[in-house]
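this is a predicted model, with the sequence first.
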Amino acid sequence: GRSIEERPKEIEQRSEFGHWECDLVLGHKTKDDQVLLTLSERMSREFLIIRIPDKTSASVMQAFQMLQKQYSEHWNDIFKTIATDNGSEFANLANLEQVSKTLIYYAHPYTSCDKGTVERHNGLIRRFIPKGDCINNYSLQQIIDIETWCNS
């Protein structure tokens, strides 16, 4: 994929809406536990949490396809770029470039500061869902409440 080094420097200034960072929050780290796909917009710090069944690339892509349907004709204005890590769960994310104008950038390995906005928000989630807790134990309403709290 495209290295984060290729991302335009203007994005660092946080002066334009539409540049996102993406990550996963794992719970119990078992195959039967759900995970949280997290997205944070760099300028506004708008934060999205999407519960997905597992940490496979298929589940991640299905969540993004759902977002594309939700935002339909506004997708290209809302999601201009997405920066994520090199995990296998994000391997197919570059396919978004074939069906939209969204550009995908991959962070340096083991460099969480490349996408510090979403990492900070993931830390806020941990106030409510400690590491090791099963995501399955939290209702959809509890996840929505956490997202609302993060955005407030």
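Arrived safely.

what about the protein, any weak spots by pLDDT?
Judged against pLDDT under 70, the chain has no low-scoring part.

what about the strands in it?
Using DSSP state E, the strands of the chain run over 19-26, 35-41, 47-52, 81-84, 103-106.

the ones you listed: which one's closest to Ile125?
With Cβ to Cβ as the criterion, Ile125 lies closest to strand 19-26 of those, at 5.5 Å. Where C-beta positions appear, they are placed from N, C-alpha and C, glycine not excepted.

just give me the longest helix of this protein.
helix 57-71 (DSSP state H).

now what about that helix, what contacts it?
The contact list for helix 57-71 (Cβ atoms under 8 Å, 6 or more residues apart in numbering) reads 24, 35, 37, 50, 52-53, 75, 78-79, 88-93, 95-96, 99-100.

just the buried members of those residues?
Buried members of the contacts of helix 57-71, scored by 16 or more other Cβ atoms under 10 Å, are 24, 35, 37, 50, 52, 75, 79, 89-90, 93, 96.

before we move on, back to that, so can I have a markdown table of the strands of the chain showing distance to Gln62?
A markdown table is the format used below for these (distance: least, Cβ to Cβ, whole Å):
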| stretch | distance to Gln62 |
| --- | --- |
| strand 19-26 | 14 |
| strand 35-41 | 10 |
| strand 47-52 | 7 |
| strand 81-84 | 16 |
| strand 103-106 | 16 |
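
so for Asp133, which of these sits nearest?
strand 19-26 (10.1 Å).

using PDB, list the CA coordinates for that closest one.
C-alpha atoms of strand 19-26 as PDB (Å, rounded to 0.1, in the frame of the first residue of the first chain):
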ATOM      1  CA  HIS A  19      -8.800  13.100   6.600                       C
ATOM      2  CA  TRP A  20      -9.300  10.100   8.800                       C
ATOM      3  CA  GLU A  21      -7.300   7.700  10.900                       C
ATOM      4  CA  CYS A  22      -8.500   4.100  11.400                       C
ATOM      5  CA  ASP A  23      -7.700   1.300  13.900                       C
ATOM      6  CA  LEU A  24      -9.200  -1.700  15.800                       C
ATOM      7  CA  VAL A  25      -9.900  -2.100  19.500                       C
ATOM      8  CA  LEU A  26      -9.700  -5.700  20.600                       C
END
